[in-house]
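Q: I would like the atomic coordinates for the input below:
(2 chains)
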Amino acid sequence: MIAAVLSLTLLGIALGLGLGVAAKKFAVEGNPLVDELTALMPGTNCGQCGFPGCSGAATAVVEGRAAPTCCPPGGKALASELAEKLGLSLDLSGMVDEGPKIAYVSEEICIGCCRCIKVCPTDAILGAAKQIHNVIREACTGCAACIDRCPTEAMVMKPVPVTLQHWVWPKPALV
Amino acid sequence: MGILDRIFGNHWGIHPDDRKRPAADLPLRRLPLPSHLYVPLQQHIGAPARPIVLVGQKVLKGELIAEAQGATSAAIHAPSSGTITAVGEITAPHASGLPVPGITIECDGEDRWIEAADIPDDPAFDPFSLEPAEISRRIGAAGVVGMGGATFPSALKLNIGKKTGITTLIINGGECEPYLSCDDRVMRDFAAEAVDGIRLMLHATGAKEALVGIEDNKPEAIATMQQAAAGFPEIRICPVPARYPMGSEKHLFSALTGKEVPADGRTTDLGVLVHNVGTAAAVHTAIRHGRPLVERIVTLNGGAWRAPGNVVAPIGMLVSDIIAATEFKEQPARLIMGGPMMGTLLPSEFVPVVKGSSGLLALTAEEAADGEAQPCIRCSSCVRACPVGLLPLEMSARIRNEDYAGAVDLGLKDCIACGCCAYVCPSRIPLVQYFGHAKGELAARDRAKLRNDATKRLVAARAERLEREAKEKAEAAARRKAERAKQKAAEAAAAAASADTSGAETTA
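A: Predicted structure coming up:
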């Protein structure tokens, strides 16, 4: 038994060392641009862009498979930042920033099951078992992860209401 | 524009037909009290006030109904006595027509004042014996805000002035907007009160002198103010040439001191604090009589009014009630709150008068002179008119192509939205709307960026929480396992002991 333990331990140490050395020696430089773009993104990995998480979207944007406007929670601010980093000229007119949506709880159908709380990437939902849940408006990024989890369809996405502080003069119509 | 101005290039601003008379010369009228008052909780720059009354509660005139919330905010008082019928939303006097939180009061018609706080019955009460900080506090408690239209909480401004060590107070009696004459009326009818308010503000800020800038198209106001200020050498009445936008804080400052405020700076950086003359009168009322800001003088002017002139209206009175009390001669083409240059186009007449409402203009189609915008012919009239020295035509061209950064590089942030450029534009291009749009869009992007950063923090906090919970769970499991093992060992030991004793017994 001692021989078996010893040989396996040695084998483990040798292979581990080998892997460690290989990881250092044959390290593949990740595209630093991708890392930079990932750092700019919200980081909720919500998947609204259709790519696997924020780093996936960043890779796609760098490779030109996606437009810088692909991130709905980031909005125009993020889009222009990404475009600036990539040196792209950007057409924001197609991007509807007025309509960011956030989740609301229909209180009369919420059964207090806590499922939505578990999937929220920003901990924006408040509640406890058998208590009506509620969404903290300021913290919700509108990723809609909670919508599919709700067994009673009490979670709905609604546009963020425009308030006096957020209202913007419309751009004058072109001559 | 004078020859000297032409030669020396001092050609900012415009000289519109002021159209202040005959409304400015008519005596002040008091409007009948309406049945309901609609008092918005956000009548100032900063956070909305927090309501402290309940529906059904009886209030007296001047009673506090909403308290200031946060550092930049102002208190709101009941403009008349009556019953609170709603604490909800009111259409804001704003071009968007969006709602603003507000309190509705059903007036009982008695207009009964609350007992004035802080004012001893002693007629020899001398407010100059009060500490400057106490004066500021009382001004804040009375809900006084800048009456020139910007509505910045006055007490806060005095405190900022105190902190930065100001030496001069400039009192803005410029009233450069055409049509308006509410400040003119304050200076003609309440000159002594305004001068007393100025002295109180001098006391509150520790400034040495006060310069009252009044445009020379108001000779009556200059005369009454000079008379009222005769006994006080620290207050100087300074007539300034009538030119729009002379009432802009930075331009009046330049006209009176010959200095210029730097692009990102304020007049307080140069030791000067600017207050409106209406604010000075409100300060007098607040300190001498202990009465909060619950009414103001509003100019009714424009071709569509049957009887133009200045009226005293309670805060929260609906424009429709004012129209009912004074009537139109004809249906106006445009209804504006404030002046024609910088005022707010009203979405409907069912919006209330607020602390910053200087005028209500009902313009006829001829006065409104609406027209289709034409392409820019690059005549550069707007460049000559711009009082801040910007290039409105270039900025608007960039904004049209959504190049907001380019517009900021050209000085968009220095634009004071005075409207001179749009006024002189022969192509009727809505230049100010372009700038308003761009400023709003830039603010929205800043907010989105802040939000993005906040989201990142929240995601990190969640990851930390999940990690912590997993760790705690693992620790708890390990603890339970250890306890179980201990228990098992104890049981085993006990069993062994009993086995031993039974064994011993058997051997014995």
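Q: what's around the residue in chain A positioned nearest to chain B, how many residues?
A: Proximity of chain A to chain B (Cβ to the nearest Cβ) peaks at A:Val168, 3.1 Å away. Placement of C-beta: from N, CA and C, glycine included. Residues lying near A:Val168 (other Cβ atoms under 10 Å in any protein chain shown) number 18.
Q: Does it touch B:Arg445 like I think?
A: No - using Cβ atoms under 8 Å, A:Val168 is not in contact with B:Arg445, being 10.5 Å away.
Q: Which secondary structure state does the residue of chain A closest to chain B sit in?
A: coil (DSSP: H, G, I helix; E, B strand; the rest coil).
Q: Give me the nearest residue to it, chain neighbours excluded.
A: Counting by Cβ to Cβ, 6 or more residues apart in numbering or on different chains, A:Val168 lies nearest to B:Gly440, which is 3.1 Å off, once chain neighbours are set aside.
Q: Pull up the gap between B:Gly258 and B:Asp409, please.
A: B:Gly258 sits 29 Å away from B:Asp409, taking Cβ to Cβ, to the nearest Å as the criterion.
Q: neighbour count winner among the two?
A: Per other Cβ under 10 Å, whichever of B:Gly258 and B:Asp409 has more neighbours is B:Asp409, with 12 against 7.
Q: and the more buried one, how far is that from chain A?
A: Distance, B:Asp409 to chain A, by Cβ to the nearest Cβ, to the nearest Å: 14 Å.
Q: Tell me both backbone torsions, phi and psi, for that residue.
A: phi -60, psi -30 (degrees, to the nearest 10).
Q: ok, B:Phe191 touching B:Ala230?
A: That one is not Phe; residue B:191 is Ala. No - assessed by Cβ under 8 Å, B:Ala191 is found out of contact with B:Ala230, at 10.5 Å.
Q: who's more crowded, the two?
A: Shown here are B:Ala191 and B:Ala230; by other Cβ under 10 Å, B:Ala191 has more neighbours (21 against 11).
Q: circling back to that earlier point, give the helix, strand or coil label for the residue nearest to A:Val168.
A: Under three-state DSSP, B:Gly440 falls in the helix class.
Q: one step back: OK, contacts around the residue of chain A closest to chain B?
A: Each residue near A:Val168 by Cβ atoms under 8 Å, 6 or more residues apart in numbering or on different chains is listed here: B:His437, B:Gly440, B:Glu441, B:Ala443, B:Ala444.
Q: at 7 Å what do you get?
A: Counting by Cβ atoms under 7 Å, 6 or more residues apart in numbering or on different chains, A:Val168 makes contact with B:His437, B:Gly440, B:Glu441, B:Ala444.
Q: Is it correct that the second one is in contact with A:Trp169?
A: Yes - in this structure, B:Gly440 is within contact of A:Trp169 by Cβ atoms under 7 Å, at 5.6 Å.
Q: do you know how far B:Gln43 is from B:Val424?
A: Note on B:Gln43: its distance to B:Val424, by Cβ to Cβ, is 32 Å.
Q: Which one's more surrounded, those two?
A: In this view B:Gln43 and B:Val424 are compared by other Cβ under 10 Å, and B:Gln43 has more residues nearby, 27 against 18.
Q: how about the residues of chain B near chain A?
A: Contact residues (Cβ under 7 Å from any Cβ of the partner chain) of chain B with chain A: B:92, B:94, B:96, B:98, B:100, B:373-375, B:402, B:430, B:433-434, B:436-437, B:440-441, B:444-445, B:448-449, B:452, B:455-456, B:458-459, B:461-462.
Q: Sitting in strands, which of these do you find?
A: Among those, the members falling in strands (DSSP state E) are B:Val100.
Q: Buried subset of the residues of chain B next to chain A as a PyMOL selection?
A: PyMOL command restricting these to the buried ones, with burial defined by 16 or more other Cβ atoms under 10 Å in any protein chain shown:
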select buried, chain B and resi 92+94+96+98+100+373+402+430+433+434+436+437+440+441+444+445+448+449+452+455+456+458+459+462
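Q: Centroid-nearest residue for chain B?
A: With distances taken as Cα atoms, centre = their mean, the residue of chain B nearest its centroid is B:Thr151 (2.8 Å).
Q: Does that residue touch B:Gln42 like I think?
A: No - counting by Cβ under 7 Å, B:Thr151 does not reach B:Gln42; the two are 9.4 Å apart.
Q: can you list the domains in the chain?
A: In the absence of a named chain, chain A is used. A:32-86, A:101-159 (automatic domain parsing).
Q: Please refer instead to chain B.
A: Following automatic domain parsing, one gets these domains for chain B: B:12-30+B:132-336, B:381-441.
Q: export those to TSV and tack on mean pLDDT?
A: Converted to TSV, the domains of chain B look like this (pLDDT from 0 to 100):
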stretch	mean pLDDT
domain B:12-30+B:132-336	92
domain B:381-441	94
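Q: These: which one's closest to A:Ala39?
A: Counting by Cβ to Cβ, A:Ala39 lies closest to domain B:381-441 out of these; the figure is 21.4 Å.
Q: distance between the closest one and the chain's centre?
A: 23 Å (Cα atoms, centre = their mean, to the nearest Å).
Q: and the residue in the stretch 1-150 of chain B that chain A sits nearest to, backbone torsions?
A: For the stretch 1-150 of chain B and chain A, the shortest gap (Cβ to the nearest Cβ) falls at B:Ser96, measuring 4.4 Å. According to degrees, to the nearest 10, the main-chain angles of B:Ser96 amount to phi -70, psi -30.
Q: so how far is B:Val195 from it?
A: 39 Å.
Q: where does chain A dip in pLDDT?
A: In the predicted model, chain A carries pLDDT under 70 at residues A:91-99, A:175.
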